[in-house]
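Asks: Show me the folded form of this:
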Amino acid sequence: MDLSELLNSPMGQSIVKSVAGQLGMNEKEASGVVNMAVPALLAGMTRNAQSSDGAESLNKALETKHDGSLLNNLSGILQGNTKELQQDGNGILGHVFGNNLSSVEQGISQKTGVSMNKVTPLLAMLAPVVMAYLGKQKRQTNTGAGGLGDLLGSLLGGGQQKSRSGGGIMDMLGSALDKDGDGNPLNDILGGFLGGR
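Replies: Model prediction:
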């Protein structure tokens, strides 16, 4: 199952509904941010997994804290107190994007027209969900640290190969995050997956 299927699944829809309710957004706004934020997160993780240290660190996190169990009670967690989820998410975001985090948030805010004060907590809520999803896929496919880059690539809709033949979430992202020379690192992070468009 690649990411576009996840986002359109009942679980994806319930994430959008819960998040929209919590942050006072309409579902269309929440959906726009989710559809852009999740691939950005996966792309950032893929970039990190390209170094052996990054892959080891990600692998360790997926084997311990982010093993996929969060998904078993996701709707309960999203409807309850999300403070802990957001704190966890902030840690993940810092790890994935480092100094580029605020620029990534600004990029998503600009492209979706949703204000930063909604994009920031939404990204933080999504990060542990994406990690849990990745952890679950890793367990199901029995992937080790060395295979995380490929696993992430397959979740992104096969990365390059699929985007050339049309379809896949990266095509959607390609049109949303055009390389317009605005100095937005989100374009740089995703550039490798978008074939340098």
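Asks: Name the spans of this protein whose pLDDT lies under the cut-off.
Replies: 1-4, 158-197 (pLDDT under 70).
Asks: so where's the longest helix in this structure?
Replies: The single longest helix within the chain, with elements called by DSSP state H, is helix 116-141.
Asks: Does the following helix or strand past that one pack against any helices or strands, and if so which?
Replies: Sequence order places helix 148-155 as the next helix or strand after helix 116-141, per DSSP states H and E. The contact analysis (3 or more Cβ pairs under 8 Å, 6 or more residues apart in numbering; DSSP states H and E) places helix 148-155 against helix 27-48, helix 52-63, helix 116-141. The way it works is simple: take the backbone N, C-alpha and C, and place the C-beta from them, glycine included.
Asks: okay, those helices in JSON lines with distance to S69 and mean neighbour count next?
Replies: Shown next, in JSON lines, are those (distance: least, Cβ to Cβ, whole Å; neighbours: other Cβ atoms under 10 Å):
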{"stretch": "helix 27-48", "distance to S69": "19", "mean neighbour count": "22"}
{"stretch": "helix 52-63", "distance to S69": "12", "mean neighbour count": "17"}
{"stretch": "helix 116-141", "distance to S69": "7", "mean neighbour count": "21"}
